[in-house]
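# curious how this folds, go ahead:
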Amino acid sequence: MWCEPDLSSIPLELQLRNAEESDLAFLRSLYRTVRDPELALTPWSEAQRQAFSDSQFALQDRHYRAHYPGALFLVIEHQGVPVGRLYLGTAPGPLRLMDLAFMPVWRGRGWGTALVRAVVGRADREARDTLLFVESNNPAYRLYEREGFIDEGVEGVYRRMRRRPSPVKSAD
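Reported below is the predicted structural model:
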């Protein structure tokens, strides 16, 4: 089990590990749950919805891997069971919270808040901004506001949000 040391403040019941080829089916399924609300509005058949979701997942994955060298693609586990994903862009400049998602049954447990706090804690220790993009209607938008992210405006269908680093208290 691999864990990014700079995110060691995650809840004890969660583990992080690098995503592997064997995780693709889980990651595809997770992506589908995130897209389900908008897909439900289409007149498409289930097969069409699944094909669309799979193609969008593949395009997103290619984009992230091509445009975010050195990014961390992490699977979130609870007792050895994959429950979500956390993608972080770690290149110089802002620490990018690229994606944080949980399977529906695992949402609402405070884990997202804890992981966001772990990410901004890392950014604070490194004196870096934290940057993310989120749709306005995503419930996580309010979480990001509570955690100190400021809305910098619209980019496409997303809101660009940034959190400036807080000074890290020394252990005197």
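
# where does this structure dip in pLDDT?
1-9, 168-172 (pLDDT under 70).

# try 90 this time
The chain contains residues with pLDDT under 90 at 1-13, 136-139, 156-157, 166-172.

# for it, which segments count as helices?
24-39, 46-67, 111-125, 140-146 (DSSP state H).

# next one: the first one to chain centre, how far?
Looking back up the chat, that one is helix 24-39. When distances are taken as CA atoms, centre = their mean, to the nearest Å, helix 24-39 is centred 13 Å away from the chain's centroid.

# put the alpha carbons of stretch 38-54 into PDB.
Output in PDB follows, covering the C-alpha atoms of stretch 38-54 (Å, rounded to 0.1, in the frame of the first residue of the first chain):
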ATOM      1  CA  GLU A  38     -26.700  14.900 -16.400                       C
ATOM      2  CA  LEU A  39     -27.000  11.600 -18.300                       C
ATOM      3  CA  ALA A  40     -30.400  11.000 -16.800                       C
ATOM      4  CA  LEU A  41     -31.600  14.100 -18.700                       C
ATOM      5  CA  THR A  42     -30.800  12.600 -22.100                       C
ATOM      6  CA  PRO A  43     -33.200  10.600 -24.200                       C
ATOM      7  CA  TRP A  44     -30.400   8.000 -24.700                       C
ATOM      8  CA  SER A  45     -30.600   4.300 -24.000                       C
ATOM      9  CA  GLU A  46     -28.600   2.800 -21.200                       C
ATOM     10  CA  ALA A  47     -26.100   1.500 -23.800                       C
ATOM     11  CA  GLN A  48     -25.700   4.900 -25.300                       C
ATOM     12  CA  ARG A  49     -25.200   6.500 -21.900                       C
ATOM     13  CA  GLN A  50     -22.600   3.900 -20.900                       C
ATOM     14  CA  ALA A  51     -20.700   4.300 -24.200                       C
ATOM     15  CA  PHE A  52     -20.700   8.100 -23.800                       C
ATOM     16  CA  SER A  53     -19.500   7.900 -20.200                       C
ATOM     17  CA  ASP A  54     -16.800   5.400 -21.100                       C
END
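
# which residues touch that stretch?
For stretch 38-54, contacts defined as CB atoms under 8 Å, 6 or more residues apart in numbering pick out 28, 31-32, 35. In short, each C-beta sits where N, CA and C put it, glycine included.
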